[in-house]
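1. output the structure for:
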Amino acid sequence: MKKGWIFLFGLVCATINGAQAELVGSVDTVFKLFGPDHKIVIEAFDDPDVKNVTCYISRAKTGGLKGGLGLAEDTSDAAISCQQVGPIVLNDKIKNGKSEGTVVFQKRTSLVFKKLQVVRFYDAKRNALVYLTYSDKVIDGSPKNALSAVPIIPWGEAK
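-> Predicted coordinates for the structure are as follows:
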């Protein structure tokens, strides 16, 4: 039994990432008599490796008794929009990054096995950063995803 708790603790710790999201706002979608309502939350986080890129994520958050206790599994629905908020300078690590992308954000969406992830890719041909958000499960993957691209242009200039 002790090994089971160690495994569970390891899984929970593995979902923690340096990028922290700030709550921007939320809207209630379904009234729940007991516990919080179901809602859509909007959160913002800054790319931890690229200064002056902020991403906004909207996602479903399950309410009710299970949701209030943190035991509910949120749906895999999410949307993302990333913006340049100042001058962007890319380092060689990003320019020469792996084609699988780099995880820049993770958020737990169930007690143990499911998390929302944001992965960053660099498109050298188009000089853009591409952010993909998706939800996964250890047992089954989820095809639901959303995408946002940030063109890297000199700050203050429009294309």
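2. can you pull the buried residues of stretch 147-159?
-> Within stretch 147-159, the residues that count as buried by 16 or more other Cβ atoms under 10 Å are Ser148, Val150, Ile152. Every residue, glycine included, has its C-beta placed from N, CA and C.
3. which element is the second one on?
-> To tie it back to what came earlier, the one meant is Val150. strand 141-151 (DSSP states H and E).
4. for that strand, packing partners?
-> Packed against strand 141-151, as judged by 3 or more Cβ pairs under 8 Å, 6 or more residues apart in numbering; DSSP states H and E, are the following elements: strand 78-84, strand 128-137.
5. I'd like the next helix or strand past the least confident helix or strand in the chain by mean pLDDT.
-> Scoring the helices and strands of the chain by mean pLDDT, DSSP states H and E places helix 2-14 at the bottom, with a mean of 43. Where DSSP H and E defines the elements, the next helix or strand beyond helix 2-14 is strand 22-30.
6. quick one: strands adjacent to that next one?
-> According to DSSP bridges, strand 22-30 forms sheet pairs with strand 38-46 (antiparallel).
7. contacting residues around the partner strand?
-> Here strand 38-46 makes contact (Cβ atoms under 8 Å, 6 or more residues apart in numbering) with 19-30, 32, 53-64, 67, 104-105, 107, 118.
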